[in-house]
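Participant: would you be able to build a 3D model of this:
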Amino acid sequence: MELSARNLIPGKVKEVTVGMVNAEVTIEVAPGVEVVSVITKSSVERMGIKVGDEIKAMIKATSVMLAK
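Facilitator: From the prediction side, this is the model:
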């Protein structure tokens, strides 16, 4: 699969917490650095996402805010 997005962050699935409708997928993108995604339970099942999988997080945002 090819995507036009340039903001793909590779990592490894560290934890998957499945709820009634949604699932929380924690991805370790660097030692001690995690990205958490909330997706549908059916997407986790359809994609077969499990701990240890190599995966890419795709971030889509129209703006990035900073605070100092």
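Participant: give me the neighbour count for residue 25.
Facilitator: As a burial measure, residue 25 scores 25 neighbours (other CB atoms under 10 Å). All C-beta atoms are positioned from the backbone trio N, CA, C, and that covers glycine.
Participant: burial of the nearest residue to it once chain neighbours are set aside, as a residue count?
Facilitator: Leaving aside its sequence neighbours, residue 25 sits nearest to residue 37 (CB to CB, 6 or more residues apart in numbering; 4.8 Å). Neighbours of residue 37 under the rule other CB under 10 Å: 17.
Participant: which elements pack onto the helix or strand residue 37 falls within?
Facilitator: Per DSSP states H and E, residue 37 falls inside strand 33-40. Here strand 33-40 touches strand 8-18, strand 22-30, going by 3 or more CB pairs under 8 Å, 6 or more residues apart in numbering; DSSP states H and E.
Participant: now do the helix or strand following that strand: which elements does it pack against?
Facilitator: Sequence-wise, the next helix or strand downstream of strand 33-40 (DSSP H and E) is helix 41-47. If you count contacts as 3+ CB pairs under 8 Å, 6+ apart, helix 41-47 packs onto strand 8-18, strand 22-30.
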